[in-house]
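Chemist: Here is my input, please return the structure:
(chains A, B, C and D)
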Protein chains: 2
Amino acid sequence: MKSSETKAERPGLLARLLREAGYRDTAPRRAVVRAIEEADGEQSPEALWRAAQRIHPGIGRATVYRTLELLTGLGAVRPLIAAEGGRRYPVAVGGHHHLVCSGCGTVVEFDECAEGEVARRVARRQGFAIQGHLLEIYGTCGDCRVTGEVRT
Amino acid sequence: MKSSETKAERPGLLARLLREAGYRDTAPRRAVVRAIEEADGEQSPEALWRAAQRIHPGIGRATVYRTLELLTGLGAVRPLIAAEGGRRYPVAVGGHHHLVCSGCGTVVEFDECAEGEVARRVARRQGFAIQGHLLEIYGTCGDCRVTGEVRT
DNA sequence: GTACCATTGAGACGGGGTATCACTATGAAG
DNA sequence: CTTCATAGTGATACCCCGTCTCAATGGTAC
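Modeler: So this is what the prediction gives:
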């Protein structure tokens, strides 16, 4: 599901990253990469696997994990721990901003960010080449505050 | 190891949080909380368990995980995925800033942060009560860039 | 002090993620 | 195009982190 516009836009941003890093351009990898790009958000490895299978039937779990690992190493993806279940979620990096409720786990994304300046300065000082960043603000949403208790 | 000043300063910031949330004040919990506060940084549950055992011998794994879960629910701690091994790390929240190398996993902490303003604005708009935030900047450190390849 | 029930410790359990290995297919060379 | 070395793949066995269960313990209210 989704518009067709979003699909064609990026023929392979992540794929290109892999190529440029010297990795082979294989169908399974492209499937994983497409699954990530089309989901354009946070997905469990499980969900990405299912999505990748739709694109490239027969792909194995291991390949999905391996590809995610490669992308993590390249800084293109960032695994996090999901609120519910505690499983991990890969997040495409490049500037992600989350407002996370400690109570119910709700995640609200937002765009505003003032870190560009600071990030660049800190990175330069340490000799880092920036690839992306993640800003998470933790708090309690209105509902959870009203409810009082935060329990499960 | 560590100065004595840091220790006495917070007789129980986290412990107080637990109490105020209505949880009982038990020795095992205090041990976990102390372990976290004294480590004052990122630790694997395993490491925290060992630290807690030194404080309260006989404490079980489950209790450590349970306490970490409670603290997570209260927003006092935030689990992340460690670079090496992929295990999870609890992070005391309240404003943490990391510069993470995608290549070797090195984590450099820094203080500068310009998010106070943005965070407050976004949070207010969404009706959130801020507890803390985490800013992670991903990139490649000098060494890893020189080495060229980022592989394992 | 007594009673109720949240909390604990020990151990069983489950499942996500990884390691292994034989097979396949990419990309380079000629 | 054909050949070749080897990166990459799929299937599966395997491991271990984190969770669940349950009887015993100990906090807190009265």
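Chemist: Which parts of chain A are strands?
Modeler: For chain A, the strands defined by DSSP state E cover A:77-81, A:88-92, A:96-101, A:107-109, A:129-140.
Chemist: Parallel or antiparallel, which strands does the last one pair with?
Modeler: It refers to strand A:129-140. Under the criterion DSSP bridges, strand A:129-140 sits next to strand A:96-101 (parallel), strand B:129-140 (antiparallel) in its sheet.
Chemist: Nearest the middle, which residue of chain A would you pick?
Modeler: A:Val91 (1.2 Å; CA atoms, centre = their mean).
Chemist: could the strands of chain A be laid out in JSON lines, adding mean pLDDT and distance to B:Glu38?
Modeler: Yep, even glycine has a C-beta here, placed from its N, CA and C like the rest. Formatted as JSON lines, the strands of chain A follow (pLDDT from 0 to 100; distance: least, CB to CB, whole Å):
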{"stretch": "strand A:77-81", "mean pLDDT": "86", "distance to B:Glu38": "23"}
{"stretch": "strand A:88-92", "mean pLDDT": "73", "distance to B:Glu38": "28"}
{"stretch": "strand A:96-101", "mean pLDDT": "86", "distance to B:Glu38": "26"}
{"stretch": "strand A:107-109", "mean pLDDT": "84", "distance to B:Glu38": "31"}
{"stretch": "strand A:129-140", "mean pLDDT": "85", "distance to B:Glu38": "22"}
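Chemist: Can you tell me which of those is nearest to DNA strand D?
Modeler: Closest to DNA strand D of the strands of chain A is strand A:77-81 (CB to the nearest atom of the strand; 8.2 Å).
Chemist: elements contacting the closest one?
Modeler: helix A:61-73, strand A:88-92, strand B:77-81 (3 or more CB pairs under 8 Å, 6 or more residues apart in numbering or on different chains; DSSP states H and E).
Chemist: Run through the residues of chain A sitting next to DNA strand D.
Modeler: By CB under 7 Å from any atom of the strand, the part of chain A that sits against DNA strand D consists of A:23-24, A:26, A:28-29, A:56, A:58-63, A:66-67, A:86.
Chemist: Pull up the gap between the residue lying closest to A:Cys144 once chain neighbours are set aside and DNA strand D, please.
Modeler: Spatially, and ignoring its direct neighbours in sequence, A:Cys144 is nearest to A:Gly103 (3.1 Å; CB to CB, 6 or more residues apart in numbering or on different chains). As judged by CB to the nearest atom of the strand, to the nearest Å, A:Gly103 and DNA strand D stand 17 Å apart.
Chemist: Look up phi and psi at A:Gly103.
Modeler: phi -80, psi -60 (degrees, to the nearest 10).
Chemist: Show me what from chain A comes close to DNA strand C.
Modeler: A:24-27, A:44-46, A:61-62, A:65, A:69, A:87-88.
Chemist: between the residues of chain A next to DNA strand D, which is closest to A:Arg121?
Modeler: A:Tyr23 (32.3 Å; CB to CB).
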